[in-house]
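Chemist: Next come a sequence and a model predicted from it.
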Protein chains: 2
Amino acid sequence: MKNSLKVERAKKDMTQQDLAERIQVSRQTVNSIEAGKYVPSTVLALKIAKVFDVGVEEIFQLEDGD
Amino acid sequence: MKNSLKVERAKKDMTQQDLAERIQVSRQTVNSIEAGKYVPSTVLALKIAKVFDVGVEEIFQLEDGD
DNA sequence: ACTCAATGTAAAATATACTTTACATTTGGT
DNA sequence: ACCAAATGTAAAGTATATTTTACATTGAGT
């Protein structure tokens, strides 16, 4: 799975810390998700999508092998 | 978080086993997600949404307290 | 060059997502 | 009523998501 988290953050001029506070997780969690270290829960994905006012699919995309 | 998994399955006349095979998880995993026992990973949510040809938000909705 | 905010990385601990196996209950068709 | 498929439930084990703490590196402004 890949994501466009960094792009969405840039569009809104948000730091990882800003987003982390908005979705109630640690800053490092945002970094890990962004870096593909691990896959977020659907609750987090929905929260993230809501912050950016897009659908989950706009941010997270399946890749071959998922 | 709540979900409309059962409704989507019914629309397509699919069993939990059918869906499980399509998204490569156990039948009990589908049951557990459907019953709200735990929250699926975003990869699973995307796969499920793809099977039903809808957006993730059509199936999974945030609730107060999430 | 200096400074500080932002980001990246790691490790250990904790919580939760998923699996397997087994059994129980419900549902739907005959 | 009977039967099989579908669904529900539980427990123990495994894998992964997330947290905290700490430190390193990068990027941007002065």
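Modeler: Perfect, thanks for sending it.

Chemist: Please count neighbours and contacts with C-alpha atoms only from this point.
Modeler: Fine.

Chemist: Please, where are all the strands along chain A?
Modeler: A:2-3, A:60-61 (DSSP state E).

Chemist: do the first one and chain B meet?
Modeler: No. Strand A:2-3 stays clear of chain B (Cα under 8 Å from any Cα of the partner chain), getting no nearer than 10.0 Å.

Chemist: what do you get for stretch A:52-62?
Modeler: Yes. Judged by Cα under 8 Å from any Cα, stretch A:52-62 and chain B are in contact via A:55, A:56, A:57, A:60, A:61, A:62.

Chemist: ok, so of the residues you listed, who is nearest residue B:36?
Modeler: residue A:56 (19.5 Å; Cα to Cα).

Chemist: Verify the contact between the closest one and residue A:45 for me.
Modeler: Yes. Between residue A:56 and residue A:45 a contact is recorded at 6.3 Å, counting by Cα atoms under 8 Å.

Chemist: quick one: contacts for the residue nearest the centre of chain A?
Modeler: Using Cα atoms, centre = their mean, the residue of chain A that lies closest to the mean C-alpha position is residue A:5, 4.6 Å off. Neighbouring residues of residue A:5 by Cα atoms under 8 Å, 6 or more residues apart in numbering or on different chains: A:34, A:59.

Chemist: Can you tell me how far it is from residue A:50?
Modeler: 12 Å (Cα to Cα, to the nearest Å).

Chemist: Same question for residue A:34.
Modeler: Distance from residue A:34 to residue A:50, by Cα to Cα: 16 Å.
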